[in-house]
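1. got a structure for you, letters missing:
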């Protein structure tokens, strides 16, 4: 995934998933999947301007046994706000972070 695209899961309010996805798409978010949550992707600048969220570069160990690390943009959601046009459609925004993997010993 390119560094400037950030993924998140959007939790829609009950029975609002399709309307929420359409509203997000109109704002420029790419809809990846609609289910119990809406998987979306957008450039950093769109997240920042729409939801008042910021990002900081972080490193995370993904495979502890071999010391494998990734660098990613972690969402700082202290000031996150759901904009007026979306507050009747979505309840939460959850940003995706790299998973941690563990080697299983035989």
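-> Cool, the structure landed. These figures come from a predicted structure and were not determined experimentally. Residues are numbered from 1 along each chain as shown.

2. Bridge partners for the residue minimising distance to the centre of the chain, pull those for me.
-> Taking C-alpha atoms, centre = their mean, the centroid of the chain lies closest to residue 8, which sits 1.7 Å from it. Here residue 8 sits in beta bridges with residue 40, residue 95, going by DSSP bridges.

3. What separation do you get for it and residue 87?
-> From residue 8 across to residue 87, the span is 17 Å (C-beta to C-beta, to the nearest Å). C-betas here are computed from N, CA, C, even on glycine.

4. tell me the mean pLDDT for whichever strand or helix holds residue 69?
-> Under the criterion of DSSP states H and E, residue 69 resides in strand 68-76. Strand 68-76 shows a mean pLDDT of 85.

5. Provide the strand pairings for it, with the direction of each partner.
-> Under the rule (DSSP bridges), strand 68-76 has strand 54-63 (antiparallel) as partners.

6. Helix or strand next in line after the helix ranked longest in the chain, which one?
-> With residue count as the measure and DSSP state H as the assignment, the chain has helix 17-27 as its longest helix. Note on helix 17-27: by DSSP H and E, the next helix or strand toward the C-terminus is strand 30-34.

7. What average pLDDT does that following strand get?
-> 97.
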